[in-house]
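Participant: Show me the folded form of this:
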Amino acid sequence: MGRSMLLLVSGLVVLSGIIQFSNSQRASLLPERSAEVISEVQARNSTNSLIQTAIEKIRSDNTWEGTLYGGDLLPGSATLKTYDIENIEELDAVDSLYSVGEGGWDTFKVLLFSEATYGDSKVITEVLMRRDSFSKYSYFSDKEKTSSGSNIYFYSSDEISGPIHTNGTFKMSGSPTFYGHVSSPNLWRGRDGTVEGDATPDFQGTTDFNAQTRELPSGAKVAALKSAATSDGLTFNRLSYMIMKPDGSIDVSEYDSRSWNWTAFVNYPKETHNGILSSSEKIYLEGTVSGQITIHSEDEVEIYDDIKYNVDPRVDDTSTDLLGVVSEGDIIIDQNAHSRTGSKDIKLHGSYMALGSSFKVENHVAGSHRGNIDLLGGIIQETRGPVGTFGAYGVTGFTKKYEYDERLGNSIPPHFPRESVFTVVSWKERVVSNTSGY
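Facilitator: Predicted coordinates for the structure are as follows:
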């Protein structure tokens, strides 16, 4: 019994000594580790402060570029420099670990590269920003009222997916459903002028009704599109009828005002148009899209029949078919477009931009309900155009079934106009434990 007690006491003494030694070691390391944490936090705060300053400068002036210094305002030393396609090689010599994101460098990207040192810690923060294409929107409008000042509503049977934005005020009636991010500088309104009343929109995604106003592309950006068609695609100067073909070629007939006749269709293989066609006059458009194509008109574009991808990305996610339509006037769905293939609905694939005014339906108030606009892609317009009516006397025109093409978040139709503002693509930080090297 005495020997057992002696062994127990001896064990406790040894254990107590080990615990005391461990506590002593921990106590000696704690100040050192605390100092490391503090220095990393200070360095990180400095890099982020410069990054936030640079982002604000770019948002207020999207042409800003240059260098920022921490000076006396930030602890330690901190600098930030902007890089783009013109000077990115300078960064290669300093740090080859930076990221340019998907698609590599182009003229629409800028990298904010900030580094700060405090004590023995260095933190590098890099933020990649990009001017996004307007094709990223499922729906975009500058004004939600028609040119005559009438309100247009999203109503109960409407279903919209993908990101939508207006610089105006969304009008709601009943319970339309929104599956993507909804943004506007203004809160939506119901038919009675309130956000309660008769409207109960179903926002399945996120919302931001204090968003920044986003300007439609300037004339210079559209001029760049026309220039690309002149140098590398096809241009026309007469009223044209274009039929896109499954092999990537496009049949074009032009209206001869002297003979008052349409010319015979000419087939242009994809190698001749290189994905971009432009006309100074109105274009009638239909067909099957194979490859990546942008159609541009300085006048109007009238959709005469279904426009579909040769390979539907919802069926085959390897599809590379992508269409952009840019009109400096209206984009009009012909009143009989839905019936030419025997369908009640009209199928449209692609991103459609109406800069002169609106995306709308011809004679939308006439007749009875024509079916759905089954859209895969997006609509961008200066002033919201009507596609149908609803009310006590029935429904005319079309119901909106707008499905977002998720590829448009990154893939862009050839030379499709981009926004002026930059958005953040990625934000990365790296901590270097001492200043002797990476």
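Participant: Show me what the lengthiest strand in the chain is packed against.
Facilitator: The residue-count maximum for a strand in the chain (DSSP state E) belongs to strand 369-383. Under the contact definition 3 or more Cβ pairs under 8 Å, 6 or more residues apart in numbering; DSSP states H and E, strand 369-383 sits against strand 139-143, strand 346-354, strand 359-361, strand 396-403. Heads up, the C-betas are built off the backbone N, CA and C, glycines and all.
Participant: so where do the helices sit in the stretch 201-350 of the chain?
Facilitator: 219-232, 270-273 (DSSP state H, counting those that start in this stretch).
Participant: Touching the longest one from outside, list them.
Facilitator: It stands for helix 219-232. 235, 274, 276-278, 294, 296, 298, 326, 328, 355, 414-418 (Cβ atoms under 8 Å, 6 or more residues apart in numbering).
Participant: How about stretch 204-218?
Facilitator: Residues contacting stretch 204-218 (Cβ under 8 Å, 6+ apart): 59, 134, 140, 142, 165, 167, 177-188, 355, 380, 382, 417-421.
Participant: make it 6 Å
Facilitator: 142, 167, 179, 180, 181, 182, 183, 184, 185, 187, 417, 420 (Cβ atoms under 6 Å, 6 or more residues apart in numbering).
Participant: can you check stretch 324-344 too?
Facilitator: 135, 294-306, 345-346, 350-359, 361-363, 370-371, 413, 416.
Participant: Emit the ChimeraX select command for whichever of those residues are buried.
Facilitator: Typed into ChimeraX, the line below selects the buried ones among the contacts of stretch 324-344, using 16 or more other Cβ atoms under 10 Å:
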select :135,294,295,296,297,298,299,300,301,302,303,304,305,306,345,346,350,351,352,353,354,355,356,357,358,359,361,370,371,413,416
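Participant: one step back: now the contacts of stretch 204-218 in a markdown table, with neighbour count?
Facilitator: A markdown table is the format used below for the contacts of stretch 204-218 (neighbours: other Cβ atoms under 10 Å):
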| residue | neighbour count |
| --- | --- |
| 142 | 18 |
| 167 | 20 |
| 179 | 18 |
| 180 | 20 |
| 181 | 17 |
| 182 | 24 |
| 183 | 21 |
| 184 | 21 |
| 185 | 16 |
| 187 | 12 |
| 417 | 25 |
| 420 | 14 |
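Participant: For the residues you listed, give me a markdown table that also has secondary structure and pLDDT.
Facilitator: Converted to a markdown table, the contacts of stretch 204-218 look like this (DSSP: H, G, I helix; E, B strand; the rest coil; pLDDT from 0 to 100):
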| residue | secondary structure | pLDDT |
| --- | --- | --- |
| 142 | strand | 93 |
| 167 | coil | 95 |
| 179 | coil | 93 |
| 180 | coil | 92 |
| 181 | coil | 93 |
| 182 | strand | 96 |
| 183 | strand | 95 |
| 184 | coil | 96 |
| 185 | coil | 95 |
| 187 | coil | 93 |
| 417 | coil | 89 |
| 420 | coil | 76 |
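Participant: State the mean pLDDT of stretch 228-246.
Facilitator: Stretch 228-246 carries an average pLDDT of 95.
Participant: neighbouring contacts of the longest strand of the chain?
Facilitator: 134, 137-143, 147, 338, 344-355, 357-359, 395, 398-403, 405.
Participant: Likewise for stretch 148-155?
Facilitator: 145, 171, 172, 173, 174, 176, 384, 386, 390.
Participant: Please look at the fourth one and residue 188 and confirm they touch.
Facilitator: No. The criterion here is Cβ atoms under 6 Å, and residue 173 misses it with residue 188 at 10.8 Å.
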